[in-house]
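*Asks:* Sequence and predicted structure, then a few things I'm wondering about:
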Amino acid sequence: MKVTTRGRYAVMALVSLAGHSRGNPVPIQFIARQDSIPESYLQQLFLRLRKKNIVKSVRGPGGGFILSRHPSEITVGEIIRTAEGRQAAVGCRKTGRQCSMINKCRTQGMWDALEGRIDEFLDSISLEDLFDNERTEPAREAKA
């Protein structure tokens with residue numbers, strides 16, 4: 001799986017949203033400044049995230065975005081797959097590329113297994129896990 005800037009930015013932005021929301025909408029401009037992500041780029045990302053029911057938009061004064069679900073119910077894998085807009089895969093069968101060796105390839109199973117493990121790993125990490133980790137990182141560094 002190749003995670004592009006789009007996927008990384010989506011995860012970063014949602015960690016910020018989880019950290020600053022506390023049940024209230026967070027303006028996209030705030031997240032853009034907080035994470036140094038272009039606002040227009042975030043608008044495109046949040047449109048995708050809203051369509052997949054990961055975030056909700058709140059209009060009007062004091063509007064912005066809130067998470068649609070509790071952070072423990074949103075996985076990094078879901079965020080990345082939504083942001084990327086497609087299932088990025090290691091193996092050629094999954095990507096749809098035509099290869100003259102596909103029927104003879106002895107490594108294809110390994111690539112498919114790797115892709116499955118990457119998905120399992122990313123789906124095992126929730127947005128809450130990342131948010132909690134972000135809160136405890138400075139404390140860990142101070143003790144070191």
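*Replies:* Sure, I can see it.

*Asks:* Report the buried residues of the helix or strand Tyr9 falls within.
*Replies:* For Tyr9, the host element (DSSP states H and E) is helix 5-21. Going by neighbour count (16 or more other CB atoms under 10 Å), the buried part of helix 5-21 is 6-7, 9-19, 21. Using the backbone N, CA and C atoms, a C-beta is placed for each residue, glycine as well.

*Asks:* then the helix or strand following that helix to CSV, C-alphas only?
*Replies:* Under the assignment DSSP H and E, the closest C-terminal helix or strand after helix 5-21 is helix 28-35. The C-alpha trace of helix 28-35 is given here as CSV (Å, rounded to 0.1, in the frame of the first residue of the first chain):
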residue,chain,number,x,y,z
ILE,A,28,-11.2,24.0,8.8
GLN,A,29,-9.0,27.1,8.8
PHE,A,30,-7.9,26.3,12.3
ILE,A,31,-6.9,22.7,11.3
ALA,A,32,-5.1,24.1,8.3
ARG,A,33,-3.0,26.5,10.4
GLN,A,34,-2.5,23.9,13.2
ASP,A,35,-1.1,21.2,10.8
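
*Asks:* chain center to helix 28-35, what's the gap?
*Replies:* Chain-centre distance of helix 28-35: 16 Å, with CA atoms, centre = their mean, to the nearest Å.

*Asks:* Equivalent analysis for stretch 35-47, please.
*Replies:* 13 Å.

*Asks:* what's it in contact with?
*Replies:* Here stretch 35-47 makes contact (CB atoms under 8 Å, 6 or more residues apart in numbering) with 6, 9-10, 12-13, 16, 28-29, 31-32, 55, 57, 65, 83.

*Asks:* now the angle from the helix holding Tyr9 to helix 28-35?
*Replies:* Relative orientation of helix 5-21 versus helix 28-35 (axes from the mean of the first three to the mean of the last three CA atoms, to 10 degrees): 110 degrees.

*Asks:* For helix 5-21, name the packing helices and strands.
*Replies:* helix 28-35, helix 39-51, strand 64-67, helix 76-84, helix 127-143 (3 or more CB pairs under 8 Å, 6 or more residues apart in numbering; DSSP states H and E).
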